[in-house]
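Asker: model this:
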Amino acid sequence: MNKIPYTLAKSLITGLVLAFLTGTINAQQTCSDETIMNTTGKWKKQTDANPFPDQSFPKNQYLQVTSRIDKMQGFLQAAYPEPKGIEASWYHSISGNAEVKGGPVPYELDAAFHAYYCNSYDHKLELGGETGTLFFVWANQINSWFAKYIKYYTIHKLPVYLLNKKAGELDGYPVFEGVENGTSNTGTVYSRAIIITRSGQSPYLPVSQKQFLKAFLNYNEKSFQKALAFQKNRAVKTDEEEEAGKKKNLETIERVTMPDKLARAKDNYLRNYKTSKQIKEETTNNMVNNYEKGMKPARVLLADSLKTDLEQPAVLDFNNLLLFKEFRTEDKGGQQLVRLNPDYFDMTLPRYVPQVMIVYWAWDDKKPGNYWKDQIEKNFNIHALKEMIDK
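Answerer: Alright, predicted model coming up:
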């Protein structure tokens, strides 16, 4: 067999290596943000969520609900008709109990937008399996992603909510932060929300500082009395049980302690020894002292109500909501506390009619997600959605 000259072999190998590297680089360059954004996705209707509505809502009216969700989806698709680097999907959902008994039923439009990405291993375009780019319209409900339900308190026996922080304005509507804001192992996500109501009315009302302070003290007083009663009813050991326990512990010390350290170990044990009765009394006293200390700021403010305007809205952060020290302002991270306004809901309207809607959108901080967000905020017709109120 004829041998290939060394110089020729070296040249061929070098050529093959260069060809491989060039091919690899070209393969790597075939996938980029530009490639992703030049990929046109489609809109797809997904299987609806299983209906789990207010049990008093008749099934023969489901179609009235889904036809309204279809209209909401039409506004959404019109704002983003040609998905770029994204596949769009949506479905109907009817679930949850009415905010007021016999009132309008909750339902929603759910939409998800899965973005394409460049697979760094295979150097090719792939569709992501998870997404933080989402869009919802919640009808006839104050959703927890817009306002956190505070189960600890009620005002006039009505639910209390902590509104999310304000984040600007869109088409004349106040914009609130959503719950998805931050970075995790899946990337960075942002979210926003607006609430649409009939003009000049709201499904919630501000909770005044005075109302909050009274509710805070009332809740904690009841909780404290239950805990205190439980503590006082805790059994303690008899004198005989105490002596037997003490003797057993001393025997254990003798068994495990070096002889030269035994006297000191016993002395430390006996000096610090407390009976179960003493421990119970100390625990009870600490509970009382901590309770009184915790309630003092609210009590002082309430007692000083003649000097302080406590009729202004209660604005707090979540920590002060549970362990109150002071009210906050919105520019310092405070959030407004509100209560349900049952008078907002028109009980004469059919139950499937939307009387309040919350629009919520979240997006991944990547090229397709940011482009989607810009299109939604620019093109989504909020005013057309408002035209659906009470209809």
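Asker: drop to CA atoms for contacts and neighbour counts, all remaining ones
Answerer: OK.
Asker: mind listing the helices for this protein?
Answerer: 6-29, 33-37, 62-79, 209-232, 239-256, 259-272, 276-303, 318-322, 367-379, 382-386 (DSSP state H).
Asker: right, and those - which one's nearest residue 338?
Answerer: The stretch from the helices of the chain with the least distance to residue 338 (CA to CA) is helix 209-232; that distance is 9.7 Å.
Asker: Please name every helix or strand in contact with the closest one.
Answerer: strand 147-155, helix 276-303 (3 or more CA pairs under 8 Å, 6 or more residues apart in numbering; DSSP states H and E).
Asker: Any buried residues in that helix, and which?
Answerer: Under the neighbour-count criterion of 16 or more other CA atoms under 10 Å, helix 209-232 has 209, 210, 211, 212, 213, 214, 215, 216, 217, 220, 228 buried.
Asker: List the residues that contact the last one.
Answerer: The reference is to residue 228. Counting by CA atoms under 8 Å, 6 or more residues apart in numbering, residue 228 makes contact with 284, 287.
Asker: Distance of it relative to residue 283?
Answerer: As for residue 228, its distance to residue 283 is 10 Å (criterion: CA to CA, to the nearest Å).
Asker: tell me the contacts of residue 366?
Answerer: Contacts of residue 366 (CA under 8 Å, 6+ apart): none.
Asker: Helix or strand with the lowest mean pLDDT in the protein?
Answerer: Here the helix or strand of the chain ranked lowest by mean pLDDT, DSSP states H and E is helix 6-29, holding a mean of 38.
Asker: hey, what's residue 95 bridged with?
Answerer: residue 52 (DSSP bridges).
Asker: I figured it hits residue 109, correct?
Answerer: No - Residue 95 is beyond contact range of residue 109, at 11.3 Å (criterion: CA atoms under 8 Å).
Asker: of the two, who's got more company?
Answerer: residue 109 (24 against 16; other CA atoms under 10 Å).
Asker: Might one say that that one is in contact with residue 134?
Answerer: No - with contacts defined as CA under 8 Å, residue 109 does not count as touching residue 134, sitting 10.7 Å away.
Asker: quick one, phi psi at residue 101?
Answerer: Per-residue torsions, residue 101: phi -60, psi 130 (degrees, to the nearest 10).
Asker: Please report how far it lies from residue 347.
Answerer: Taking CA to CA, one finds residue 101 at 10 Å from residue 347.
Asker: For the residue most central in space within the chain, list the residues it contacts.
Answerer: For the chain, the residue sitting closest to the mean C-alpha position, by CA atoms, centre = their mean, is residue 179 at 4.2 Å. By CA under 8 Å, 6+ apart, the contact list for residue 179 reads 145, 146, 164, 191.
Asker: can you redo those as CSV with pLDDT, neighbour count and distance to residue 156?
Answerer: Formatted as CSV, the contacts of residue 179 follow (pLDDT from 0 to 100; neighbours: other CA atoms under 10 Å; distance: CA to CA, whole Å):
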residue, pLDDT, neighbour count, distance to residue 156
145, 92, 18, 24
146, 94, 23, 22
164, 95, 22, 22
191, 96, 22, 32
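Asker: which one of these sits closest to residue 320?
Answerer: Residue 320 lies nearest to residue 164 out of these, by CA to CA, at 14.9 Å.
Asker: Show me how the record splits this protein into domains.
Answerer: Domains of the chain are assigned by automatic domain parsing as 40-209+340-386, 237-274.
Asker: Find the one among these with the highest mean neighbour count.
Answerer: domain 40-209+340-386 (a mean of 18; mean count of other CA atoms under 10 Å).
Asker: need the contact list for the closest residue to residue 66 other than its chain neighbours.
Answerer: Closest residue to residue 66 apart from its sequence neighbours, by CA to CA, 6 or more residues apart in numbering: residue 92 at 6.4 Å. Contact partners of residue 92, counting by CA under 8 Å, 6+ apart, are 48, 49, 66, 69, 107, 108, 109, 110.
Asker: Take those residues and keep only those in strands.
Answerer: Judged by DSSP state E, the subset of those located in strands is 107, 108, 109, 110.
Asker: Tell me the confidence at the last one?
Answerer: This means residue 110. Looking at residue 110, its pLDDT reads 98.
Asker: Repeat that for the first one.
Answerer: At residue 107, the model reports a pLDDT of 97.
Asker: Now do the phi/psi pair for residue 317.
Answerer: phi -100, psi 170.
Asker: what number of residues lie near it?
Answerer: 21.
Asker: Pretty sure it sits against residue 333.
Answerer: Yes - using CA under 8 Å as the test, residue 317 is close enough to residue 333 to be in contact (6.5 Å).
Asker: Pull the distance from stretch 295-314 to the chain's centre.
Answerer: Relative to the centre of its chain, stretch 295-314 is centred 30 Å away, using CA atoms, centre = their mean, to the nearest Å.
Asker: Any buried residues in that stretch, and which?
Answerer: Quick answer for stretch 295-314 (16+ other CA under 10 Å): 295, 297, 298, 301, 302, 310, 313, 314.
Asker: out of those residues, what pair is the most spread apart?
Answerer: 295 and 313 (20.2 Å).
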